[in-house]
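**Student:** Here's a sequence, model it:
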Amino acid sequence: MKPIVLAIDGPSGAGKSSTSKALATRAGWSYLDTGALYRAVTWLALEKNVKQEQELVNLLADVSIVFRTNPQSPDVICGGVDITNAIRDPRITERVSEFSAMPEVRKILLELQRKIIDTAKVGIVVEGRDIGTVVAPNAELKIYLHADIAARAQRRERELIESNMVKKVGSTEEVAAALESRDFVDSNRKISPLMQSSEAFDLDSTNLNLPETVQIIWKLLQDRNLLGLPVIAVIGRPNVGKSTLINRFIGSREAIIEDNPGVTRDRVSYEAEWNGRRFVITDTGGWEATPEGIAVKITAAAEDAITQSDMVIFVVDGQVGAVDEDDALVTVLRKSKKKIMLVANKIDNEKDEAYAYGLWNLGLGEPHFVSALHGRGSGDLLDILVSELPEVGQSQIDDGYRRVAIVGRPNVGKSSLLNALAGSQRALVDDAEGTTRDPIDELIQLGDRTWRFIDTAGLRRRAHQASGTDYYAMLRTERAIDNAEIVVMMIDASVQITEQDLRIITMVEQSGKALVIGMNKWDLVDEDRRVVLDKEIDRNFDQVEWAERVNLAAKTGWHKDRLPIALERALESWEKRIPTAKLNAFLGTMVGATPPPVRGGKQPKILFATQAGIQPPKFVVFATDFLEASYRRFIERRLREEFGFPGTPVQVAVRVRDRE
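**Tutor:** From the prediction side, this is the model:
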């Protein structure tokens with residue numbers, strides 16, 4: 001996953017360095033001072049007495065420059081020598097514009113800067129010059145930080161003094177003159193590094209102190225959902241009430257609940273809020289000390305959830321007390337070194353509390369008593385929980401990602417496709433049908449775009465026939481389709497297309513979402529099966545003949561690269577808008593060649609048409625009389641022939657009005 005990038009541009013002395021380090025420290029992100037790299041090159045050139053550009057380029061091929069991205073100690077190493085303080089010398093400042101203007105040097109450093117950015121784990125604050133325009137033009141947030149020359153001179157003077165260079169600082173007027181001189185040189189270069197990105201937020205820090213400047217940018221990060229929310233993993237043995245507790249936290253029945261143990265299998269995350277604090281809570285399958293069969297994967301997924309969390313809620317059945325398996329899980333939790341909150345569930349009264357005090361013996365501190373089913377103690381638990389959460393967590397939320405729901409019958413390879421696209425085990429996969437029960441939401445980077453994929457439970461039965469786990473899985477799948485922009489319908493190409501496949505396709509078609517059909521397990525399709533499959537498709541897919549089909553093998557990843565291309569095309573069609581003049585010119589030609597059929601002795605006249613909306617494209621045809629359904633389908637077919645629309649339904653409505 002690519003890191004979130006905050007790009008801060010502006011002239012020297014505007015406070016970029018202090019602001020950027022403070023933001024990176026607060027967010028737990030990496031930090032990059034691009035100016036320090038140019039200063040390092042300048043130091044190297046002066047040390048080696050290099051004056052020509054090619055000579056310096058050759059030198060950089062042999063000497064490595066390393067920038068340590070810890071905002072609390074952003075050290076610069078050149079050829080194995082720590083030059084962090086040396087590059088702040090005024091003689092470096094005087095010459096840095098000269099060397100930073102060399103095109104080949106800039107090219108080398110640009111490659112190094114982007115490499116540092118790409119290797120950041122979660123996010124990175126990058127500051128310097130031409131960050132938002134050249135270094136990181138796709139940064140999620142761009143800031144242009146500036147101040148008047150007097151404020152900048154005072155800040156630069158203070159910075160130099162703090163760098164133990166008090167003897168080399170000079171007067172405030174001299175510092176201001178040096179800054180103005182550098183501004184003049186940079187502004188008159190062929191491509192000025194002081195150019196402000198059109199997308200940048202303009203921030204004048206002249207009358208702001210450092211905390212005020214940081215808070216303004218922090219608020220922008222929050223407003224754009226660029227700060228990771230804290231993640232809480234709920235862990236425990238099977239059937240201790242983890243999902244019930246989560247439903248209590250989020251205030252709705254999202255997590256599937258049954259009396260049978262082992263209902264939750266995959267890791268499922270939900271966003272919650274309490275007292276103004278937002279966080280992500282992750283439901284996990286029941287952890288077992290000696291798992292067998294599918295329980296091995298469930299337990300592994302639960303342990304993975306611990307690793308990816310900021311805090312762990314360890315749920316124990318307060319009616320039963322701690323058992324040997326709980327003791328084994330305590331060992332796993334201690335090794336994780338995560339903050340742990342011990343919760344005793346099913347505590348309905350004070351008598352139960354007295355019995356549950358024995359959980360102190362687990363050595364995890366004070367047990368918190370709740371009854372998830374009845375709500376007893378849940379509010380107090382949430383108060384304590386949010387007070388101990390970090391300000392920024394490991395979850396990354398960005399509502400700008402395109403949403404893709406993966407649907408289909410059980411065991412057609414939905415979770416395998418998710419894992420293949422992610423390049424790792426994101427969803428639980430097993431040969432047993434119905435392994436996935438809750439929708440699994442994952443951000444996956446494919447090419448230059450990040451997608452939000454939602455793996456759903458396989459739909460087995462009609463709505464009125466489903467019950468228990470199947471019923472709730474069906475509701476969540478329907479909700480996933482409603483929340484998605486595009487749906488990937490997975491079909492097992494190696495077996496006959498079933499009635500349930502067709503029911504799911506009808507559900508997707510009626511939702512009005514863009515659609516791509518994934519013909520999975522293509523590696524199991526022989527020549528004979530292909531002949532039969534073509535006939536099945538012609539017979540059964542006439543209602544969605546506009547949907548693009550991708551033949552793939554999710555288990556091996558064969559042809560998975562074709563899916564993003566099909567998704568892009570379908571979304572483009574889903575959001576396509578046809579100019580009214582162009583639409584009516586087409587309509588006039590179409591009606592002239594094939595007028596509407598006579599109805600009741602009268603021939604309807606088509607007056608004009610307009611596109612009423614997108615997502616999906618909706619067209620309204622104004623006519624003097626009702627148009628037959630067959631002619632409306634004809635209009636749709638001709639619209640597709642003329643304008644395309646692959647991968648999306650097209651809706652054509654008729655409004656009757658008298659001709660003026």
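**Student:** Okay, now the unreliable bits of the stretch 451-600 of the chain?
**Tutor:** 458-476 (pLDDT under 70).
**Student:** Please, where are all the helices along it?
**Tutor:** 468-483, 499-511, 527-540, 562-574, 580-593 (DSSP state H, counting those that start in this stretch).
**Student:** so which of the ones you listed gets nearest Ala153?
**Tutor:** Ala153 lies closest to helix 562-574 among the helices of the stretch 451-600 of the chain, at 50.5 Å (CB to CB). Glycine gets a C-beta too; all of them are placed from N, C-alpha and C.
**Student:** Does the most centrally placed residue in the chain belong to a helix, a strand or coil?
**Tutor:** Centroid check for the chain by CA atoms, centre = their mean gives Leu443 as the closest residue, at 4.5 Å. Put simply, Leu443 is strand when judged by DSSP: H, G, I helix; E, B strand; the rest coil.
**Student:** Distance check, it against Leu221.
**Tutor:** Using CB to CB, to the nearest Å, we find Leu443 at a distance of 18 Å from Leu221.
**Student:** And for Arg640?
**Tutor:** Counting by CB to CB - Arg640 and Leu221 are separated by 43 Å.
**Student:** close enough to count as contact, Asn361 and Ala322?
**Tutor:** Yes: at 6.9 Å, Asn361 counts as touching Ala322 under the criterion of CB atoms under 8 Å.
**Student:** who's more crowded, these two?
**Tutor:** Taking other CB atoms under 10 Å, Asn361 and Ala322 do not tie; Ala322 has more neighbours (21 against 11).
**Student:** what residues are up against that one?
**Tutor:** Residues in contact with Ala322, defined by CB atoms under 8 Å, 6 or more residues apart in numbering, are Val316, Gly358, Leu359, Asn361, Leu362.
**Student:** is the residue nearest to the centre of the chain in a bridge, and if so with what?
**Tutor:** Beta bridges link Leu443 to Arg452 when assigned by DSSP bridges.
**Student:** What of Val280?
**Tutor:** Counting by DSSP bridges, Val280 forms beta bridges with Val231, Glu271.
**Student:** Could you double-check that it lies in contact with Ile250?
**Tutor:** No: between Val280 and Ile250 there is no contact under CB under 8 Å: 10.3 Å.
**Student:** what's the most distant pair in the contacts of Ala322?
**Tutor:** Greatest spatial distance among these (CB to CB): Val316 and Asn361, at 11.3 Å.
**Student:** can I assume Asn584 is in contact with Ala609?
**Tutor:** Yes: using CB under 8 Å, Asn584 is in contact with Ala609, at 6.1 Å.
**Student:** quick one: which of the two has more around it?
**Tutor:** Taking other CB under 10 Å, Asn584 and Ala609 do not tie; Ala609 has more neighbours (24 against 16).
**Student:** For the more buried one, give me its contacts.
**Tutor:** By CB under 8 Å, 6+ apart, the contact set of Ala609 is Leu583, Asn584, Leu587, Phe619, Val620, Val621, Phe622.
**Student:** In JSON lines: those, plus distance to Asn138.
**Tutor:** Output for those, formatted as JSON lines (distance: CB to CB, whole Å):
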{"residue": "Leu583", "distance to Asn138": "34"}
{"residue": "Asn584", "distance to Asn138": "39"}
{"residue": "Leu587", "distance to Asn138": "40"}
{"residue": "Phe619", "distance to Asn138": "35"}
{"residue": "Val620", "distance to Asn138": "38"}
{"residue": "Val621", "distance to Asn138": "41"}
{"residue": "Phe622", "distance to Asn138": "44"}
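**Student:** With respect to Arg569, which of those is nearest?
**Tutor:** Of these, the one sitting nearest to Arg569 (CB to CB) turns out to be Phe619, at 20.1 Å.
**Student:** Let me know whether the closest one touches Leu583 as I believe.
**Tutor:** Yes: look at Phe619 against Leu583 with CB under 8 Å: they come within range, at 7.5 Å.
**Student:** who touches both of these two?
**Tutor:** Ala609, Thr610, Gln611.
**Student:** Which helix or which strand is home to the last one?
**Tutor:** Using DSSP states H and E, Gln611 sits in strand 606-613.
**Student:** Tell me which strands the helix or strand following that strand pairs with, and in which orientation.
**Tutor:** The helix or strand immediately downstream of strand 606-613 is strand 618-623, counting by DSSP H and E. Looking at strand 618-623 with DSSP bridges, its partner strands are strand 606-613 (antiparallel), strand 651-656 (parallel).
**Student:** so can I have CSV of the ones you listed showing distance to Asn239 and mean pLDDT?
**Tutor:** What follows is those, written out as CSV (distance: least, CB to CB, whole Å; pLDDT from 0 to 100):
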stretch, distance to Asn239, mean pLDDT
strand 606-613, 48, 90
strand 651-656, 47, 91
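**Student:** hey, where'd the helices end up in the stretch 1-150 of the chain?
**Tutor:** For the stretch 1-150 of the chain, the helices defined by DSSP H, counting those that start in this stretch cover 16-27, 34-47, 53-62, 90-100, 103-118, 149-162.
**Student:** Arg640 and Leu221: which has the busier surroundings?
**Tutor:** Each of Arg640 and Leu221 has its neighbours counted (other CB under 10 Å); Leu221 has more, 19 against 16.
**Student:** Contacts only, for the more buried one.
**Tutor:** Leu6, Leu23, Ala27, Leu141, Leu227.
**Student:** Looking at the residues you listed, spot the one nearest Val343.
**Tutor:** Val343 lies nearest to Leu227 out of the contacts of Leu221, by CB to CB, at 26.8 Å.
**Student:** helix, strand or coil for that closest one?
**Tutor:** Put simply, Leu227 is coil when judged by three-state DSSP.
**Student:** my read: it touches Pro390, true?
**Tutor:** No: Leu227 is not in contact with Pro390 according to CB under 8 Å; the separation is 10.8 Å.
**Student:** more crowded one of these two?
**Tutor:** The neighbour comparison of Leu227 against Pro390 (other CB under 10 Å) goes to Leu227, with 23 against 15.
**Student:** hang on, the earlier thing: can you redo the strands paired with strand 618-623 as TSV with distance to Val57?
**Tutor:** Below are the strands paired with strand 618-623 laid out as TSV (distance: least, CB to CB, whole Å):
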stretch	distance to Val57
strand 606-613	55
strand 651-656	60
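**Student:** on that earlier part again, out of the contacts of Ala322, which is most surrounded?
**Tutor:** The residue in the contacts of Ala322 with the most neighbours, by other CB under 10 Å, is Val316 (26 neighbours).
**Student:** So that one: helix, strand or coil?
**Tutor:** Per three-state DSSP, the secondary structure class of Val316 is strand.
**Student:** Now do the contacts for it.
**Tutor:** Gly236, Arg237, Val240, Ala322, Asp326, Leu342, Val343, Ala344, Asn345, Leu359, Leu362, Pro367.
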